[in-house]
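**Q** predicted coordinates and the sequence they were generated for:
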Amino acid sequence: MRPRQSRRHGAAVTVAATLAALGAGQILGTPTASAAASHSPTPSSAVASAQDRAARAIAGSLSDTGWRARLRAAALASDEVPVTRLAGGALKPALTAADHRIATAKGLDGQVGSLLRLRLGDDSMRPALTAGRTPWVAAATSDDDATTVTAYDSRGRAHSLDAHKAPTHPVYVVDIDGDQALAAGLRVLGTELHRLGVASAAPAPTTAQQRTGKPAGRPAPATAGFWTTRISAVELSDDEEPWIKGDAEIYTLVTGFGQDGKVRVDPVDMPYLDNDGTVYRPNQILVNWSNYKYDLADAVMMEEDGSTNYRDLAKAIATVLLTIADQGGYVPLVNAVLDAIPDDWWTDDPDYVDSWYTLARSDNGTRHGARGNGWMTVEPYFVQQF
């Protein structure tokens, strides 16, 4: 995972001649007869294809010296440039089309604005870019195991680069806004899960005495609220990743049996988990126990790596979890959630990070993930309602 930096913006450009030279079908993605006849691409391949087309279009646009200078200024001033908003002329509809394909592949149609972002591949490239060298452009990868990266120059030529050693030539990387994609995706996931029947009755506030079973002692007004499990510290393992790979956006699916006895899933966004090998102390609520029938729940930590289709994820999870009935005792649900994830999501870079079985309401201390990829220190925390 890579650290976030500030975001600013620059200006627009007209590049009709360059795009025409590259070919309308290539840039705008007009499907051929054979492509139309084939089956729909997986979310991962659809997102990767859209980003690659955007990278080629942007690379071709850099033959325009005025636009190249404006984009250079924007890339040097910010880690992420909202390139679709900045573009003009024939480049803008090309990038808008790529944005639409990405949103569709991720199940976010109509739920999100432009996701495409452009950034400099590595800080070591800043001197060469500042000196005026025309950068190449590559699409970000979500594959940790990638050994090579393809970058395009302004004449349309492809260059194969080492994925684990940043080149000396400056490279712009076309990526997506993971924060925005994940926020919209979790909204879609929650809505779809509720529509498909994976939800419990709305939680009702309880008093501290009701949840603990302890006598009130001296007369005092009962405090309304609910018990939660709070994360006081969390860390993920430190793994070497390609220089071209963007930020990993982390979220957790908390699962258990709701108050109505039906399986429920509560998505929890964890936007602070930017870097592996770093201990974060978020004091974030992970489980709201008033949502659950039992004092046990499971947690499956996932990564938004650009390929996640949240509508498909909701359908897959619902299909499996709705077959699990409450038998009067807690049944761990981690394996059911993992089994529900479509097989093609595991082909290159798995979205699965780690899992925690049978988190208890009374847990107070460090719990290591079953996969050994991370740990969390948790504690009971009572949320008062006044």
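**A** Ah, there it is.
**Q** which SSE is residue 55 in?
**A** Using DSSP states H and E, residue 55 falls within helix 43-61.
**Q** quick one: low-confidence parts of the stretch 201-350 of the chain?
**A** Applying pLDDT under 70 to the stretch 201-350 of the chain flags residues 201-223, 238-241, 343-350.
**Q** packing partners of the helix holding residue 55?
**A** helix 16-22, helix 24-28, helix 91-105, strand 116-120, strand 136-139, strand 148-152, strand 171-176 (3 or more Cβ pairs under 8 Å, 6 or more residues apart in numbering; DSSP states H and E). Placement of C-beta: from N, CA and C, glycine included.
**Q** list the buried residues in it.
**A** Along helix 43-61, these residues count as buried under the neighbour rule (16 or more other Cβ atoms under 10 Å): 43-44, 46-61.
**Q** what is the spatially most central residue of the chain paired to in the beta sheet?
**A** Per Cα atoms, centre = their mean, the C-alpha nearest to the average position across the chain is that of residue 304, at 2.3 Å. Taking DSSP bridges as the rule, residue 304 bridges to residue 249.
**Q** residue 189 is in contact with that one, correct?
**A** No - applying Cβ atoms under 8 Å, one finds residue 304 not in contact with residue 189, separated by 10.6 Å.
**Q** sorry, back to before: between the helices and strands packed on helix 43-61, which one is closest to residue 334.
**A** Smallest distance to residue 334 across the helices and strands packed on helix 43-61 (Cβ to Cβ): 26.8 Å, for helix 91-105.
**Q** circling back: can you tell which of the helices and strands packed on helix 43-61 is closest to residue 335?
**A** Nearest to residue 335, of the helices and strands packed on helix 43-61 and by Cβ to Cβ, is helix 91-105 at 27.3 Å.
**Q** which other helices and strands contact the closest one?
**A** Packing contacts for helix 91-105, counted by 3+ Cβ pairs under 8 Å, 6+ apart, involve helix 24-28, helix 43-61, helix 83-86, strand 116-120.
**Q** using PDB, write out every CA atom in the helix holding residue 55.
**A** The C-alpha atoms that make up helix 43-61 are tabulated as PDB, following Å, rounded to 0.1, in the frame of the first residue of the first chain:
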ATOM      1  CA  PRO A  43     -14.700  -6.700 -13.200                       C
ATOM      2  CA  SER A  44     -10.900  -7.000 -12.900                       C
ATOM      3  CA  SER A  45     -10.300  -7.300 -16.700                       C
ATOM      4  CA  ALA A  46     -12.900  -4.600 -17.500                       C
ATOM      5  CA  VAL A  47     -11.300  -2.100 -15.100                       C
ATOM      6  CA  ALA A  48      -7.800  -2.900 -16.300                       C
ATOM      7  CA  SER A  49      -8.800  -2.600 -19.900                       C
ATOM      8  CA  ALA A  50     -10.500   0.800 -19.300                       C
ATOM      9  CA  GLN A  51      -7.400   2.100 -17.400                       C
ATOM     10  CA  ASP A  52      -5.100   0.900 -20.200                       C
ATOM     11  CA  ARG A  53      -7.200   2.700 -22.800                       C
ATOM     12  CA  ALA A  54      -7.100   5.800 -20.800                       C
ATOM     13  CA  ALA A  55      -3.300   5.500 -20.400                       C
ATOM     14  CA  ARG A  56      -2.800   5.200 -24.100                       C
ATOM     15  CA  ALA A  57      -5.100   8.200 -24.800                       C
ATOM     16  CA  ILE A  58      -3.300  10.400 -22.200                       C
ATOM     17  CA  ALA A  59       0.100   9.300 -23.600                       C
ATOM     18  CA  GLY A  60      -0.900  10.300 -27.100                       C
ATOM     19  CA  SER A  61      -2.200  13.700 -25.800                       C
END
